[in-house]
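Undergrad: need a 3D model of the following:
(chains A, B and C)
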Amino acid sequence: MKSYRKELWFNTDKRRQFINITPEVNACLVESGVTEGLVLVNAMHITASVFINDDEAGLHQDYETWLEKLAPEKPHSQYHHNTYEDNADAHMKRQVMGREVVVAITGGQLDFGPWEQIFYGEFDGKRRKRVLIKIIGE
Amino acid sequence: MKSYRKELWFNTDKRRQFINITPEVNACLVESGVTEGLVLVNAMHITASVFINDDEAGLHQDYETWLEKLAPEKPHSQYHHNTYEDNADAHMKRQVMGREVVVAITGGQLDFGPWEQIFYGEFDGKRRKRVLIKIIGE
Amino acid sequence: MKSYRKELWFNTDKRRQFINITPEVNACLVESGVTEGLVLVNAMHITASVFINDDEAGLHQDYETWLEKLAPEKPHSQYHHNTYEDNADAHMKRQVMGREVVVAITGGQLDFGPWEQIFYGEFDGKRRKRVLIKIIGE
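TA: Numbering: from 1, shown residues only, chains lettered A, B, ... in the order given. Down below sits the predicted model:
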């Protein structure tokens, strides 16, 4: 069994932002030499997500509106977590969008449907944060 | 390490529908010959889910009502994504229900609790769509 | 490839409760002898979750309030599932928080960011329920 590990670092301009990281995950796959196996891609921070969906700007705007409706950032004082922090909403948004994805590797490729793309979802940005890519297989 | 891959195809009658795919996943497990490992089951489309829950009709009706409350389909015009599409709500419902499940394989069986069943969750159906089953192990 | 399996049992005092199970998962990792691979941790019941987030009491109180807003327990009669049961809300809360986590194992450790902790999330407790830990790797 082969294994491979890499970290990706981000420092977003905005508090909330979606970044397509499919090219980076593909590059890791090539570097790993694994042709059959699984790749795990996960946020290493608890106020961020890794998820798979469509690379479409309108949809990303809709996600922003929708997540703010489900778990509004403000007023910060509505959350018990926000004593020394202001990011309780980010911990909730991340649960809706998920921490991680596991993707099959087949014939040396990400085994994807037609529109699947991997995103880093930042909900409390403007600081350096990480994603982990772990590949196991042969 | 052994690896195995299969696609399941669906074409639902309704826009939103839940289908129990546990028998199909079990059949793949037998075909794979893997007795210890992991099986990944994921939607290959970004408006559908694979999730594990109860095979109970009342609960599925409750999920339909609840998901429509969290991310209503109509009016279609409320979503920026719906310029040439009408399925923004399906992209949201899928995030709540999840893209994939990873299940342990132990002694040649899906290592399940008493009521766990695997479902395909369709949120924008009436067309051919796929689920991926990938098994790795020994 | 090595594989390892263990069940953790819980019987919570309250209907809804969050329990940090990171020490138990770490102990399994040591026992397994796996230094490179993946660990799957999943609820074996469909009204409970395993998720990764912060071990902070204020946040857990916020999760309780938030999940009750998204999928209220009462009135029980609002759900079709609740004919002989009263736990439809628990099936929904579990979808928001997720069934499982997959964590990378690197150098014999859980490959975690600074604040990641694994929780058992109980939404219909006061009875014996299980979590599965499955490790594969080398």
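
Undergrad: how far away is residue A:98 from residue C:100?
TA: Between residue A:98 and residue C:100 the distance is 11 Å, computed by CB to CB, to the nearest Å. Heads up, the C-betas are built off the backbone N, CA and C, glycines and all.

Undergrad: ignore what I typed, I meant residue A:82.
TA: Applying CB to CB to residue A:82 and residue C:100 gives a distance of 29 Å.

Undergrad: neighbour-wise, which of those two wins?
TA: Comparing residue A:82 with residue C:100 by other CB atoms under 10 Å in any protein chain shown, the one with more neighbours is residue C:100, at 23 against 18.

Undergrad: what's the burial count for the nearest residue to residue A:111 once chain neighbours are set aside?
TA: The spatially closest residue to residue A:111, leaving aside those adjacent along the chain, is residue A:104, at 3.9 Å (CB to CB, 6 or more residues apart in numbering or on different chains). The number of residues packed near residue A:104 is 25, by other CB under 10 Å.

Undergrad: let me know the pLDDT of residue A:104.
TA: Residue A:104 is assigned 98 on the pLDDT scale.

Undergrad: contacting residues around it?
TA: Taking CB atoms under 8 Å, 6 or more residues apart in numbering or on different chains as the criterion, residue A:104 is in contact with A:38, A:110, A:111, B:5, B:40, B:42, B:132, B:134.

Undergrad: quick one, the helix or strand hosting it and strand C:100-106 angle?
TA: According to DSSP states H and E, residue A:104 maps onto strand A:100-106. Calculated by axes from the mean of the first three to the mean of the last three CA atoms, to 10 degrees, strand A:100-106 forms an angle of 70 degrees with strand C:100-106.

Undergrad: next SSE downstream of strand A:100-106?
TA: strand A:109-110.

Undergrad: how about residues contacting that next one?
TA: Strand A:109-110 is contacted from outside by A:22, A:25, A:26, A:29, A:39, A:103, A:104, A:116, using CB under 8 Å, 6+ apart.

Undergrad: surely the first one touches residue A:133?
TA: Translated: residue A:22. No. Look at residue A:22 against residue A:133 with CB atoms under 8 Å: they stay out of range, at 11.5 Å.

Undergrad: scan chain A for its longest helix.
TA: helix A:57-70 (DSSP state H).

Undergrad: how about the nearest residue to residue A:44, chain neighbours excluded?
TA: residue C:113 (2.9 Å).

Undergrad: what's the spacing between residue A:7 and chain C?
TA: 10 Å (CB to the nearest CB, to the nearest Å).

Undergrad: before we move on, what SS does that residue have?
TA: Recorded secondary structure, residue A:7: strand (DSSP: H, G, I helix; E, B strand; the rest coil).

Undergrad: which residues sit in contact with it?
TA: Here residue A:7 is in contact with A:44, A:130, A:131, A:132, A:133 (CB under 8 Å, 6+ apart).

Undergrad: the second one falls within a helix, correct?
TA: Pointing back at residue A:130 there. No. Using three-state DSSP, the assignment for residue A:130 is strand, not a helix.

Undergrad: which SS class is the residue most central in space within chain A?
TA: For chain A, the residue nearest the mean C-alpha position is residue A:50 (1.8 Å; CA atoms, centre = their mean). Of the three states, residue A:50 takes strand according to three-state DSSP.

Undergrad: against residue B:94, how distant is it?
TA: 15 Å.

Undergrad: with residue A:66 instead?
TA: 12 Å.

Undergrad: the more surrounded of those two?
TA: More crowded of residue A:66 and residue B:94, by other CB under 10 Å: residue B:94, with 28 against 22.

Undergrad: wait, residue A:59 touches residue B:91, no?
TA: Yes. Judged on CB under 8 Å, residue A:59 makes contact with residue B:91 at a distance of 5.8 Å.

Undergrad: need the overlap of contacts for the two.
TA: A:53, B:81.

Undergrad: next up, the contacts around residue A:118.
TA: So residue A:118 contacts A:20, A:21, A:22, A:25, A:41, A:50, A:51, A:52, A:101, A:103 (CB under 8 Å, 6+ apart).

Undergrad: and for the closest residue to it other than its chain neighbours, the neighbour number?
TA: Closest residue in space to residue A:118, ignoring its immediate chain neighbours: residue A:22 at 4.8 Å, by CB to CB, 6+ apart. Residue A:22: 17 surrounding residues under other CB under 10 Å.

Undergrad: repeat that for residue A:122.
TA: Residues near residue A:122, counting by other CB under 10 Å: 27.

Undergrad: nearest to chain B: which residue in chain A?
TA: residue A:113 (3.0 Å; CB to the nearest CB).

Undergrad: how about that residue, what does it touch?
TA: Residue A:113 sits next to B:43, B:44, B:45, B:46, B:130, B:132 when contact means CB under 8 Å, 6+ apart.
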